[in-house]
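Student: The following comprises the amino acid sequence and a computationally predicted model.
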Amino acid sequence: MRTSVATVAVSLLFLLVVSCREKKGTGAPISTATMIGSESGVSYVDEHYRFGIQGLGSRWRLLDGEERAALLPDASAMVSKVGGTHGAVIVEPYPAGSLDEFSGLIESNMSQVAADAKIGERREVDFAGGKAHRRQVTAKIQGIRLDYELMTYLHQGMGYQFIAWKPEDKGDRSSLDEFMGAVSIEEGQVSVPPPPKTPDAVGLGNRIVDGRFESAVSRLSVAGSGPWSLMWGQSLAATGDDAEIGMQRSDLGIFVVADSQPVAGSAASRFLAAVDALDFEGGRSLGTQRCEVAGQEVEFRKFVVPGQPAVRIYLGHFVNGGRGYRMKAWHLEQEGADHGAAVAEGLAAFKLLPDEAASALRAELEALPDTAGNTGEDFSIRGGVYRDFARGLVWRSPEGFWQIESGDEAAARNSDSSLHATHLDSGLTLQVVAEEAEEVDPDGFHEHLVGMLKEGGFEPAGTELAALDIDGHRVRRSALKFEGEDAVLEYHVATTIVGGTAYQLNCFATAEVMASDRAAADRALAGFSFPGKKLRKVETRSGKHRDVRMGYEWTLPTGAVLDPKPAGNVISALGSSAAYRVKNGMVTHIAVQAGGSGNDASIVSKMVKDLFKLNLDRSTGGATPDRVENIGGVEASVRTGLSGKDPVLIAVFRAGGVLHQVVISAGSEEAVESLFQTYRSGFTLIP
C-alpha cells in the first residue's frame with residue numbers, strides 16, 4: 001500500500017542557502033538571521049480536512065498550491081521557515097484500523113523510503129481532545145542527514161500525518177516543536193477536496209500537458225477526471241512501485257499504477273507467464289475481475305494481502321505493439337466494502353496513443369533540452385553526462401531517452417553500483433561497479449568476475465565479443481545469458497583497469513533486444529572516458545574559477561581574492577558556494593541542484609525570487625527594481641536594493657535542474673553594478 005511519507009522536498013532546502021554569509025566591513029547582504037518568509041506569518045485552516053496551522057510568525061511561509069503540487073504533491077498543506085525547517089500535513093482515508101496500526105504503517109514506510117532511517121520511541125500524546133502518536137526520526141536523503149518530528153492521528157475516517165523536518169542539528173529541535181505546536185484539528189465535518197490539476201511538466205520520454213499524461217516510450221495516455229488525479233514524480237515515487245504513471249482516487253484511497261517493458265519475440269509469452277505466476281506470501285485469492293484498459297478487456301487477479309491493515313490488490317497485464325504492460329491497483333481492505341467498480345473506472349482511463357501521435361510526441365520531446373539531473377557529494381548528472389569525481393569516470397549517454405541514476409538511487413538497484421542507466425525504449429541497462437585494484441592482472445580480474453557469474457547460474461551466451469578500445473584503454477568483454485522467469489537476459493561483462501581502479505562496465509538486456517541491435521551495447525560503452533585525477537569537482541587556476549560538478553566557471557577580476565571558507569554541509573551535498581572579494585565589495589555564487597528536472601528548478605527559482613523581493617523591499621523601504629539580464633546564455637532575474645545601508649544586487653537563474661544565485665554587495669550602487677557586469681561578462685555554463 002502507498003501511504004504518503006514526507007521524506008524531504010530536497011529542492012526546498014534553498015532556504016538554507018539563499019543568503020550570503022555575513023562578512024565584516026563588506027556591506028553583507030541580508031542574512032538568514034534577519035530574513036522573513038512572509039509579511040504576516042501563517043494562519044491557515046483547511047476547509048475540507050478541518051486541520052489548522054496557526055500562530056507561526058513571519059519567519060514562516062505557507063506554500064501555494066502550485067508550489068506544493070510540484071514539490072510535495074501528497075501534502076494538503078506545507079509551510080517553510082527561513083533557515084531550512086519545513087512542515088507538512090498529509091491526509092488520506094483510513095476508515096478501518098487502530099491508531100497503533102496506522103502509526104506502524106507510516107513508520108514502516110518511512111524506513112523503506114528513507115536511507116538509514118532511525119525511528120525513535122513512539123510516544124502517546126494528547127491532541128485535539130484525543131490521542132496521537134509522536135516520535136523523533138533521523139534519516140539521510142541525498143547525503144543530508146535530517147531530523148524529523150512525526151505525529152499520527154485518526155479523525156472521522158481519515159489518517160493524519162503531521163511532519164516537520166530540517167537538516168540535522170544536534171540538540172536543537174525547537175523549530176520542529178514550533179510547527180507541531182501550531183497544528184490543530186478544527187470543528188466541522190471532514191470532506192475530501194476535489195483533486196487539483198497536475199501542473200504541466202516534462203519527464204524522460206513523457207510529459208503532462210493540460211492535466212493529461214502522454215508517453216512517447218510506452219504510448220500510455222491518461223488524464224485525471226472527476227475524483228481521479230494523476231500520480232507522477234514524487235507522488236508516484238512514494239508508492240514504492242517502479243511505475244511510469246499512476247492515478248489515485250483520494251476519497252476511497254484507491255491507487256492505480258502502470259508500467260511497461262519491451263517484449264519482442266518469445267519475451268512476450270515469458271512476460272505474460274511471469275506476471276501470471278506472481279503471488280503474494282500469505283495472500284488470499286479473490287478470483288478475477290475483467291476490466292477495460294487501453295481499449296481492450298484485461299483479466300485482473302485479486303488478492304487480499306494480510307497485514308495491519310490488510311490490502312486488496314488487483315494485478316493485470318497485456319501486450320501491445322511489442323511492449324508488455326503491467327497494471328496494478330490497490331486499496332485498504334474494508335469489511336463489507338467492494339471498490340471493484342471504482343477500480344475499473346480508474347483503469348478504463350488509460351489509453352494508448354496511436355503510432356502517429358506517439359511519433360509526433362517523440363519528435364517534440366527529443367527537440368527539448370535535457371533538464372534531468374542530479375548531484376551528490378562526488379558525482380553529477382547533467383545534460384546526459386555522468387561525472388564520477390571519486391572514481392575519475394565520465395559517461396556520455398547515447399541518443400535516446402536514458403534514465404541515469406547514481407548515489408542512493410543506483411545503490412538501491414545494486415549496493416555496489418555507482419551508475420545505473422537504462423535506455424527506456426529498449427530496456428538496455430548499463431551498470432558500473434568500481435573498486436581499487438592495485439597490482440591486479442586485468443585478464444585475471446575479468447575471468448574472476450565471469451567465473452562468479454557462472455557460479456550464480458549464468459551460462460555462456462554463445463556469442464564472441466571482441467575487446468574494445470575506449471578512451472585509449474582495452475576493455476575486455478564476455479557474453480553470458482541468464483534464464484529468468486520473465487525473460488532470457490544477455491549479459492555483457494566488460495572490464496578494464498585504469499590507474500589502480502578496476503571498472504566493471506556491464507550491459508544487459510533481453511536476448512531479443514541484444515540480437516536486434518548488436519551495436520547498441522557498443523554505443524553505450526563508447527560513451528565512457530577515464531580522466532582519473534584530472535577530473536576535479538572544482539579548480540581555480542589561470543584566473544578562472546571552474547566548477548565542473550555544478551556546471552559553470554567565471555573569470556576572476558584582477559586583484560580578486562577567493563573566500564577560503566567552505567560551504568556548509570547542505571550546500572556541499574546539493575551544490576556549491578564560491579565567493580571572491582575585491583577592494584570595493586564581494587561577489588558570491590551559489591549553485592544548487594533544485595530537484596531532478598527543469599520543472600522543479602523553475603518552481604524553486606520562482607520561490608527564491610519571491611523571497612528575495614520580499615526581503616529587499618522590506619530592507620529598502622519600498623518596491624525594489626527588477627530587470628532581466630543574460631548570464632551565460634540564459635535569462636536571469638536581477639534585483640537591486642539595500643541590505644541595511646549597503647547596496648546589494650541579487651540575480652537568480654537556472655540552467656536545466658540547477659538553480660544559480662548571485663549575491664553582490666559593495667559600498668555604492670555604481671560599484672555593485674560594475675561588479676555585476678564584470679561577473680556577467682566572465683561567466684560561462686559548462687555542458
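Tutor: Good, I have the coordinates. Residues are numbered from 1 along each chain as shown.
Student: if we look at the sheet, which residues does His423 bridge to?
Tutor: His423 forms beta bridges with Trp402, as assigned by DSSP bridges.
Student: Do I have it right that it meets Gly400?
Tutor: Yes - counting by C-beta atoms under 8 Å, His423 touches Gly400, with 5.6 Å between them. The C-beta positions use only the backbone N, C-alpha and C, and glycine is treated the same way.
Student: Of the two, which one has the most company?
Tutor: Remark: of His423 and Gly400, His423 carries more neighbours, 24 against 18, as counted by other C-beta atoms under 10 Å.
Student: how near is that one to Glu399?
Tutor: Distance check for His423 against Glu399: by C-beta to C-beta, to the nearest Å, it reads 10 Å.
Student: Kindly report the same for Glu186.
Tutor: Noted for Glu186: a distance of 55 Å to Glu399, by C-beta to C-beta.
Student: Mind jotting down where the helices sit in the stretch 451-600 of the chain?
Tutor: With DSSP state H, counting those that start in this stretch, the ranges of helices along the stretch 451-600 of the chain come out as 511-516, 520-525, 569-574, 598-620.
Student: Pick out the shakiest of these, pLDDT-wise.
Tutor: If the helices of the stretch 451-600 of the chain are sorted by mean pLDDT, helix 569-574 sits at the bottom with a mean of 70.
Student: of the helices of the stretch 451-600 of the chain, which approaches Gly295 most closely?
Tutor: Of all the helices of the stretch 451-600 of the chain, the one in closest proximity to Gly295, counting by C-beta to C-beta, is helix 511-516 (25.8 Å).
Student: which helices and strands does the closest one pack with?
Tutor: strand 488-498, helix 520-525 (3 or more C-beta pairs under 8 Å, 6 or more residues apart in numbering; DSSP states H and E).
Student: any weak-confidence spans in the chain?
Tutor: Low-confidence segments of the chain (pLDDT under 70): 1-30, 113, 115, 170-171, 565-570, 595-600.
Student: can you do 50?
Tutor: 1-29 (pLDDT under 50).
Student: sorry, back to before: quick one: which of Glu186 and Glu399 has more around it?
Tutor: Glu186 (14 against 9).
Student: and the more buried one, how far is that from Glu92?
Tutor: Taken as C-beta to C-beta, the span from Glu186 to Glu92 is 18 Å.
Student: Roughly how far does Tyr148 sit from Pro167?
Tutor: 11 Å.
Student: quick one, what contacts the residue nearest to Arg382 when sequence neighbours are not counted?
Tutor: Of all residues not flanking Arg382 in the chain, Gly373 sits nearest, at 4.6 Å (C-beta to C-beta, 6 or more residues apart in numbering). Gly373 makes contact with Ser380, Ile381, Arg382, Gly383, Gln593, Gly596, Ser597, Gly656, Gly657, Val658, according to C-beta atoms under 8 Å, 6 or more residues apart in numbering.
Student: Pull the contacting residues for the last one.
Tutor: Spelled out, that is Val658. Gly373, Thr375, Arg382, Met550, Gly551, Gly575, Ala591, Val592, Gln593, Ala594, Ala601.
Student: need those in a markdown table with distance to Lys609, can you?
Tutor: What follows is the contacts of Val658, written out as a markdown table (distance: C-beta to C-beta, whole Å):
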| residue | distance to Lys609 |
| --- | --- |
| Gly373 | 21 |
| Thr375 | 21 |
| Arg382 | 22 |
| Met550 | 20 |
| Gly551 | 21 |
| Gly575 | 18 |
| Ala591 | 16 |
| Val592 | 14 |
| Gln593 | 18 |
| Ala594 | 13 |
| Ala601 | 12 |
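Student: which stretches of the stretch 51-200 of the chain form helices?
Tutor: Using DSSP H, counting those that start in this stretch, helices in the stretch 51-200 of the chain cover 65-71, 99-113, 174-182.
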